[in-house]
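**Student:** Sharing a model prediction with you, sequence too.
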There are 2 protein chains.
Amino acid sequence: MRKRLERIALPAALTPEAGPVHNHGSPHAEDTPLSARKKSPPLKTDRRTAILDAAEVEFSAHGFDGVTLRTIAKRAEVDVALPHYYFGSKENLFVAVFDRRAKVLNDLRETALIDAIAAARPEAPTVEAIIRAYVEPLFKGPHLKEPGWNSYYALVAYVNNTPGWGGRLMTEHFDPLIRKFLDALRLALPGMNERDLFWGYHCFSGALTLGLAQTGRIDTLSNGLVHSNDLADACEHMVPFITGGFEAARRAAPAAKARPTRVKSSAH
Amino acid sequence: MRKRLERIALPAALTPEAGPVHNHGSPHAEDTPLSARKKSPPLKTDRRTAILDAAEVEFSAHGFDGVTLRTIAKRAEVDVALPHYYFGSKENLFVAVFDRRAKVLNDLRETALIDAIAAARPEAPTVEAIIRAYVEPLFKGPHLKEPGWNSYYALVAYVNNTPGWGGRLMTEHFDPLIRKFLDALRLALPGMNERDLFWGYHCFSGALTLGLAQTGRIDTLSNGLVHSNDLADACEHMVPFITGGFEAARRAAPAAKARPTRVKSSAH
DNA sequence: CTTACATTTCAACAGATGTTGAAACAGGAG
DNA sequence: CTCCTGTTTCAACATCTGTTGAAATGTAAG
């Protein structure tokens, strides 16, 4: 039976860097095989990360089900059996790809947030400073020279828009950081309704996700005036837009506070 | 060879309602088979729309490659060969599903826009009125009683976030309407930089897309305070947020006008 | 009835898919 | 050298995939 990505769950696959899965021992405890770490550069390129790189490109372009292990293996110039040797299954490979860069991203953004808060002391940071700390590391970080990041961003967008297991993956990897940003926003937006805050984040997250996806839609729409893959430009425009959104949402808050969902009657 | 959704293109599949593809004549020129239209209700449920409904649910939940024609056929309680009889191929079926509700949506939103402009005459409509005309028909229209629409929205979100053929599908179906809204926004935001306008729309589109996807992410994040499938609530919060975003983007415009992408030097 | 055509079923095709076990290879240790 | 262990290759498996042709069924008209 062909298995589907239903409960991609987390059986050891989410714990950072499980080595070869089925076979004999556990050859490497970190990122690279033992043989590649004991004695300087091993000349032979590291197949494991080659597979991760290839899978990243393919998964981000075609989704989980749109990609064949044979396609990945071919791109990585590697035998079809190798992905299974290193990752055990297609699902585990996907999760490994998603894992790999998530921590880097979270660290970058957390320090940016801490810096923004420190810079504003003893005042609360501005909304703009918080939004910028959330967005700028993604769109302007020095890591972007490495080309794999563009694929990874598209992959995150894909996962974020995938109902079911996609949401679970996002929650596990990014919710802790998101909560810290929401805490900072509460400081910057005193008196803001909690529900308004979450809906505001929802809008923010959507804008960010589409920005990361770099689908080229806006290139067509604007007749080439703007380019969705110009991440620095996207960042510079997204920050004031989202900032204005949050501030407007707070202004509109008192009116929306009482009603649970929607009430439009004018009289009492 | 297993074909992928690469150039989903438009060979007759995009022209509204092509009938059975391979076989004999062309039995029905519109939405329902001839037999079902000539003599009142034909008792036997219409298999063609049953297939469309089933495909809508499956494609929106698992994407193009995550779905089997056999799964669709089973859900529609129909033989595997029937989808091919009516639509010719899996790709055509997907496009047919996407087509079906697009026109309804565009009509609803275009009239909402026209109404908003008419209501403001002779003044220009407010930004909020335009955003509301863009969003409200999607989130509060009376058509939402029919359950298929939720799947369709998720499908649109999926297509919008799919690089390549997804963008092409979106462009063909929705760009004409989008341009009309952009024209209205230009009236409501005089002096706004064109590039800022497009980037603003980009943020808007992202927020809207995630709202339509109803992934449930925000339910988890907010510990159940808000629900992503409460479309009316989403609408009421999205409108002020996006409105504020556009207005803030216009305020920030003069500073960003001169620089082509990013300039941060303080001295000349 | 017969005829004609639309719809539906059935069984099969050719190829692709994730996965696996066994064998081959590499390289350092004893 | 042999032995051990981690890595890589090879060939195959069972199943699933989109698609198709032919036969069966239904339906309305002549």
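**Tutor:** Happy to help now that I have it. Quick caveat: nothing in here was measured; it's all calculated off a predicted structure. Residues are numbered from 1 along each chain as shown, chains lettered A, B, ... in the order given.

**Student:** For the rest of this, base every contact and every neighbour count on C-alpha atoms.
**Tutor:** Fine.

**Student:** three-state assignment of A:Tyr153?
**Tutor:** Three-state call for A:Tyr153 (DSSP: H, G, I helix; E, B strand; the rest coil): helix.

**Student:** doesn't A:Ala213 make contact with it?
**Tutor:** Yes: applying C-alpha atoms under 8 Å as the test, A:Tyr153 and A:Ala213 come out as touching, 6.3 Å apart.

**Student:** Those two: who's more crowded?
**Tutor:** Legend: neighbour count by other C-alpha atoms under 10 Å in any protein chain shown for A:Tyr153 and A:Ala213, higher for A:Ala213 (26 against 23).

**Student:** Just give the nearest non-adjacent residue to the more buried one, would you?
**Tutor:** A:Ala154 (4.3 Å; C-alpha to C-alpha, 6 or more residues apart in numbering or on different chains).

**Student:** ditto for A:Leu105
**Tutor:** Nearest to A:Leu105 is A:Leu138, by C-alpha to C-alpha, 6+ apart, at 7.2 Å.

**Student:** What pLDDT does the model give that neighbour?
**Tutor:** Looking at A:Leu138, its pLDDT is 96.

**Student:** Correct me if wrong: it contacts A:Val104.
**Tutor:** No: A:Leu138 is beyond contact range of A:Val104, at 10.4 Å (criterion: C-alpha under 8 Å).

**Student:** sorry, back to before: name the helix or strand for the residue nearest to A:Leu105, please.
**Tutor:** helix A:127-140 (DSSP states H and E).

**Student:** Remind me what that helix packs against, helices and strands.
**Tutor:** helix A:90-120, helix A:165-188, helix A:231-257 (3 or more C-alpha pairs under 8 Å, 6 or more residues apart in numbering or on different chains; DSSP states H and E).

**Student:** re earlier: residues in contact with the residue nearest to A:Ala213?
**Tutor:** A:Ser60, A:Ala61, A:Leu212, A:Ala213, A:Gln214 (C-alpha atoms under 8 Å, 6 or more residues apart in numbering or on different chains).

**Student:** and the first one, which of the three is it?
**Tutor:** Using three-state DSSP as the criterion, the local structure at A:Ser60 reads helix.

**Student:** so what's it closest to, chain neighbours aside?
**Tutor:** A:Leu155 (4.3 Å).

**Student:** got it, and the second one?
**Tutor:** What sits nearest to A:Ala61 in space, not counting adjacent residues and going by C-alpha to C-alpha, 6+ apart, is B:Pro163, at 6.7 Å.

**Student:** Look at that neighbour and say how many residues are nearby.
**Tutor:** When neighbours are counted by other C-alpha under 10 Å, B:Pro163 comes out with 20.

**Student:** List the contacts of it.
**Tutor:** Taking C-alpha under 8 Å, 6+ apart, we find B:Pro163 in contact with A:Ala61, A:Ala213, A:Gln214, A:Thr215, A:Gly216.

**Student:** Among those residues, name the buried ones.
**Tutor:** Burial of the contacts of B:Pro163 was assessed by neighbour count (16 or more other C-alpha atoms under 10 Å in any protein chain shown); the buried members are A:Ala61, A:Ala213, A:Gln214, A:Thr215, A:Gly216.

**Student:** three-state assignment of the nearest residue to the last one once chain neighbours are set aside?
**Tutor:** Looking back up the chat, that one is A:Gly216. Excluding its sequence neighbours, the residue lying closest to A:Gly216 (C-alpha to C-alpha, 6+ apart) is A:Ser228, at 5.4 Å. The three-state assignment at A:Ser228 reads coil, by three-state DSSP.

**Student:** A:Ser228 contacts A:Cys235, correct?
**Tutor:** No: look at A:Ser228 against A:Cys235 with C-alpha under 8 Å: they stay out of range, at 10.6 Å.

**Student:** Relative to DNA strand C, how far out is the residue lying closest to A:Leu69 once chain neighbours are set aside?
**Tutor:** Closest residue to A:Leu69 apart from its sequence neighbours, by C-alpha to C-alpha, 6+ apart: A:Val80 at 6.7 Å. A:Val80 sits 6 Å away from DNA strand C, taking C-alpha to the nearest atom of the strand, to the nearest Å as the criterion.

**Student:** Phi, psi for A:Val80 please.
**Tutor:** Backbone geometry at A:Val80, expressed as degrees, to the nearest 10, gives phi -60, psi -30.

**Student:** Could you double-check that it sits in contact with A:Ser89?
**Tutor:** No: contact criterion C-alpha under 8 Å: A:Val80 and A:Ser89 do not qualify, at 11.6 Å.

**Student:** quick one on the thing from earlier: show me which of A:Leu138 and A:Val104 is the more surrounded one.
**Tutor:** A:Leu138 (23 against 11).

**Student:** so what's the residue in the stretch 51-200 of chain A that DNA strand D sits nearest to up against?
**Tutor:** Closest contact between the stretch 51-200 of chain A and DNA strand D, by C-alpha to the nearest atom of the strand, is at A:Asp79 (4.1 Å). Applying C-alpha under 8 Å, 6+ apart, we find A:Asp79 in contact with A:Ala73.

**Student:** Just the C-alpha atoms of stretch A:236-246, please, in PDB.
**Tutor:** Extracted C-alpha coordinates of stretch A:236-246, given in PDB (Å, rounded to 0.1, in the frame of the first residue of the first chain):
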ATOM      1  CA  GLU A 236      11.100  46.800   3.600                       C
ATOM      2  CA  HIS A 237       7.400  46.900   2.400                       C
ATOM      3  CA  MET A 238       6.000  44.300   4.700                       C
ATOM      4  CA  VAL A 239       7.200  45.900   7.900                       C
ATOM      5  CA  PRO A 240       5.300  49.200   7.700                       C
ATOM      6  CA  PHE A 241       2.300  47.400   6.200                       C
ATOM      7  CA  ILE A 242       2.000  44.900   9.000                       C
ATOM      8  CA  THR A 243       2.800  47.500  11.700                       C
ATOM      9  CA  GLY A 244       0.000  49.700  10.400                       C
ATOM     10  CA  GLY A 245      -2.300  46.700  10.400                       C
ATOM     11  CA  PHE A 246      -1.600  45.900  14.100                       C
END
